[in-house]
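Asker: compute the structure for the input listed below.
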Amino acid sequence: MMARGEKNDPELKKQKIVTAALRLFSGKGYHATTTKEIAEESGVTEGLIFYYFGGKRKLLMHIVHSFSFALLAQDGADRWKRLPLDEALVQYGCRYLQFLKENREYLLLIWSPEMMRDEAVSQEVLQLIGSIGASGSSILKQSAPVGQISEQTYHVAATMLNASILLYFALHSRFGSEMAVLGDEEAYIRQLVGLLLHGFYKGDA
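Answerer: Have a look, this model is predicted:
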């Protein structure tokens, strides 16, 4: 249960509900989880879930919509713009990998079989992927020759970078030290960025 000083803090209560729901949805499954279990896990009354979120379905959609790397990328955008392109992409990639590591439960949820069959969730995930791709594209554009590279090429390159980092995360999460051949995190991302820019600029990087 919550300490006395926390009882009148609505935002803290909401966060406890979200945290508990995410843990249960990702571990037990959305359909198998009840609002009663969420209330018990978060230390609030069941009625507060409906009061703050309107029910289990709206709570799920709130969770799916709230987690976004794009907001973190916006925070780092000004700093990355002052760096050489390769270093900016490395820092972007390292931050993206850290975001993935910090949100394992969220990834387990959105890629679970039941969520992959959920059209509304899939649309939210598609928008999430698009926003992440846009973040990577904006960095690639900062040093590219104006008008010589198509928007599609930026998008494909950013998608390649993000997908490769996601794959690295997935492989290391499952196989650990058996994936040592890929190198440590920063070394992998630096090599990935080097390969991406070499192809992107046809050997000029």
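Asker: now do the helices in the protein.
Answerer: With DSSP state H as the criterion, the chain has helices at 10-27, 35-42, 46-53, 56-66, 69-81, 85-102, 104-110, 113-116, 119-141, 151-175, 185-200.
Asker: which of those helices comes out lowest on mean pLDDT?
Answerer: Lowest mean pLDDT of the helices of the chain: helix 69-81, a mean of 81.
Asker: re earlier: could I get the helices of the chain as JSON lines with mean neighbour count?
Answerer: C-beta here means a position set from N, CA and C on the backbone, and glycine is covered the same way. Formatted as JSON lines, those follow (neighbours: other Cβ atoms under 10 Å):
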{"stretch": "helix 10-27", "mean neighbour count": "18"}
{"stretch": "helix 35-42", "mean neighbour count": "18"}
{"stretch": "helix 46-53", "mean neighbour count": "16"}
{"stretch": "helix 56-66", "mean neighbour count": "17"}
{"stretch": "helix 69-81", "mean neighbour count": "14"}
{"stretch": "helix 85-102", "mean neighbour count": "19"}
{"stretch": "helix 104-110", "mean neighbour count": "18"}
{"stretch": "helix 113-116", "mean neighbour count": "13"}
{"stretch": "helix 119-141", "mean neighbour count": "17"}
{"stretch": "helix 151-175", "mean neighbour count": "16"}
{"stretch": "helix 185-200", "mean neighbour count": "17"}
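Asker: got the CA positions of stretch 129-142 in PDB?
Answerer: Presented in PDB, the C-alpha positions along stretch 129-142 are these (Å, rounded to 0.1, in the frame of the first residue of the first chain):
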ATOM      1  CA  ILE A 129       7.900   3.100 -35.600                       C
ATOM      2  CA  GLY A 130       7.300   6.000 -38.000                       C
ATOM      3  CA  SER A 131       8.200   8.600 -35.300                       C
ATOM      4  CA  ILE A 132      11.400   6.800 -34.500                       C
ATOM      5  CA  GLY A 133      12.300   6.600 -38.200                       C
ATOM      6  CA  ALA A 134      11.600  10.300 -38.500                       C
ATOM      7  CA  SER A 135      14.100  11.000 -35.700                       C
ATOM      8  CA  GLY A 136      16.800   9.000 -37.400                       C
ATOM      9  CA  SER A 137      16.000  10.700 -40.800                       C
ATOM     10  CA  SER A 138      16.400  14.200 -39.300                       C
ATOM     11  CA  ILE A 139      20.000  13.400 -38.200                       C
ATOM     12  CA  LEU A 140      20.900  11.900 -41.600                       C
ATOM     13  CA  LYS A 141      19.600  15.100 -43.300                       C
ATOM     14  CA  GLN A 142      21.800  17.400 -41.400                       C
END
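Asker: look up the closest residue to residue 125, ignoring the ones flanking it.
Answerer: residue 110 (5.2 Å; Cβ to Cβ, 6 or more residues apart in numbering).
Asker: isn't the one you found right up against residue 121?
Answerer: Yes - here residue 110 reaches residue 121: they are 6.7 Å apart, a contact under Cβ atoms under 8 Å.
Asker: list residues touching both of these two?
Answerer: residue 64 (Cβ atoms under 8 Å, 6 or more residues apart in numbering).
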